[in-house]
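1. mind folding the following:
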Amino acid sequence: MTRLSFAAAAGALGLLTALLAGGSAHAQQNDISLLPEDPATSPLRCLQQPAAPIEYPAESRRLELGGTVRVGLSFGAADRAPDVEVLARFADERIVNAVRAYVAAYRLPCHVAGQAPLRAVQTFIFRPHELRPVTWSLPVSDEDPARQRAMRSCLRTPADKLELHTSKFDRKTVSNTFVRLTFTAPDQPPQTEVLYGSTSGNTQDAFLERAREYRLPCLAPDARPVTFIQQFVLRVNDAGRSSFKDEVSLGEFLSNIKGIREQQADFDFNTMNCPFTVAWSLGKPAMPNRVGEIGGGHDSNRTEFLAWLAGLEMDLKPERFERLLGRTVRINVGCGPLRLQPAATTGAAAP
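-> Below you'll find the predicted structure:
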């Protein structure tokens, strides 16, 4: 078993390579995707949990039996307990039953009647010899990738290339605009909003005008609105096009993260059907990062780890950040644990 500790992740290893793309000033429409969920507006923000912490089963602790239990929670109504699926069971039956009893008290009062069930994932870790013998993560929403793929395949965009006359105020060699598109009807233009823009106002207006030509014909008239995010990239005067290395290890990736020594994480990849590969697209601090699995379909056991990766910010200078914004790197994740704790809080882990 390979143990990936902070020491393995903190080397000074470069992640970036430069690729030159010739040609005159031009605008490019990059990949479009569903907008990552904002934790501040997630339905999980209203989750009600028991006031008392989960208890370590006495007999399991006496026998020094520890382990990990990961559950999938499906909330179908505001006033009912979630349906529970045990995703990973690396503990004895007493511990599993304790977790089941604890999450049975959960309620999601802001869940709207008639909407599809909300799925979430949560992990509980039992270690009998530690200062805090039981720790658990915050539940993380588990979005259905099949729905995302269906919505993307339905989206219709203009076939012609976007013609753009650059403004004299667009002095940056590379600049980006991210547009949020919210569809509420199958035959109407989306509502549009610039979420991030380093181009001039005139250029952003041209991008917004193009985005309003998009349509989502498969959206049912009574369905919930669907929101996408579209990146537009403007390159001026034969600007170089930067990219990440094609593939890196998790340790290489973490060595480029801002404030990695202050990060707190506790993941056991042996419970996630390791090894696996992740696609990570740069967004923060301008936009949310995008993270997804490569090959093998969606595995809910990885949901919390992917959410953690999505919250990391790379240590980049502004110009390099602008050139790399929206670019993707493949991260190879091996087997074994990853435990990161700030030095000041070593030995304590908050749930």
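
2. surely T192 touches L208?
-> Yes: taking contact to mean C-beta atoms under 8 Å, the distance of 5.0 Å between T192 and L208 places them in contact. For every residue, glycine as well, the C-beta is placed using N, CA and C.

3. the strands in the stretch 1-150 of the chain, which residues?
-> Across the stretch 1-150 of the chain, reading from the start of the chain, the strands by DSSP state E, counting those that start in this stretch fall at 16-19, 26-34, 67-75, 83-90, 118-126, 134-136, 140-141.

4. got CSV for those, with mean neighbour count too?
-> Formatted as CSV, the strands of the stretch 1-150 of the chain follow (neighbours: other C-beta atoms under 10 Å):
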stretch, mean neighbour count
strand 16-19, 11
strand 26-34, 16
strand 67-75, 21
strand 83-90, 16
strand 118-126, 24
strand 134-136, 20
strand 140-141, 19
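
5. looking at those, which is nearest to S243?
-> Judged by C-beta to C-beta, the one of the strands of the stretch 1-150 of the chain that comes nearest to S243 is strand 16-19, at 5.0 Å.

6. give the rounded mean pLDDT of that closest one.
-> Per-residue pLDDT values across strand 16-19 average out to 33.

7. make 6 the starting number, not 1.
-> That works, and once the first residue is 6, the last one we named lands at strand 21-24.

8. thinking P114 is in contact with F80, fair?
-> No: P114 sits out of contact with F80 when judged by C-beta under 8 Å, with a separation of 10.0 Å.

9. hey, where'd the strands end up in the stretch 156-305 of the chain?
-> For the stretch 156-305 of the chain, strands defined by DSSP E, counting those that start in this stretch occupy the ranges 179-188, 196-202, 231-240, 246-249, 252-254, 270-273, 281-286, 295-299.

10. ok so, going back, wait, which of the strands of the stretch 6-155 of the chain is closest to G264?
-> Comparing the strands of the stretch 6-155 of the chain by their distance to G264 (C-beta to C-beta), the top pick is strand 21-24, with 18.7 Å.

11. quick check, pLDDT for the residue of the chain most remote from its centre.
-> Largest separation from the mean C-alpha position in the chain: R67, at 38.5 Å (C-alpha atoms, centre = their mean). Confidence at R67, expressed as pLDDT, is 95.

12. and it, how far from V101?
-> As judged by C-beta to C-beta, to the nearest Å, R67 and V101 stand 17 Å apart.

13. and if you look at L259?
-> Separation of L259 from V101 (C-beta to C-beta): 31 Å.

14. could you do G72 as well?
-> Using C-beta to C-beta, G72 is found at 9 Å from V101.

15. so who does the nearest residue to G77 once chain neighbours are set aside touch?
-> Computed as C-beta to C-beta, 6 or more residues apart in numbering, the closest residue to G77 that is not its neighbour in sequence is E90, at 4.1 Å. With contacts taken as C-beta atoms under 8 Å, 6 or more residues apart in numbering, E90 has the following neighbours: V76, G77, S79.
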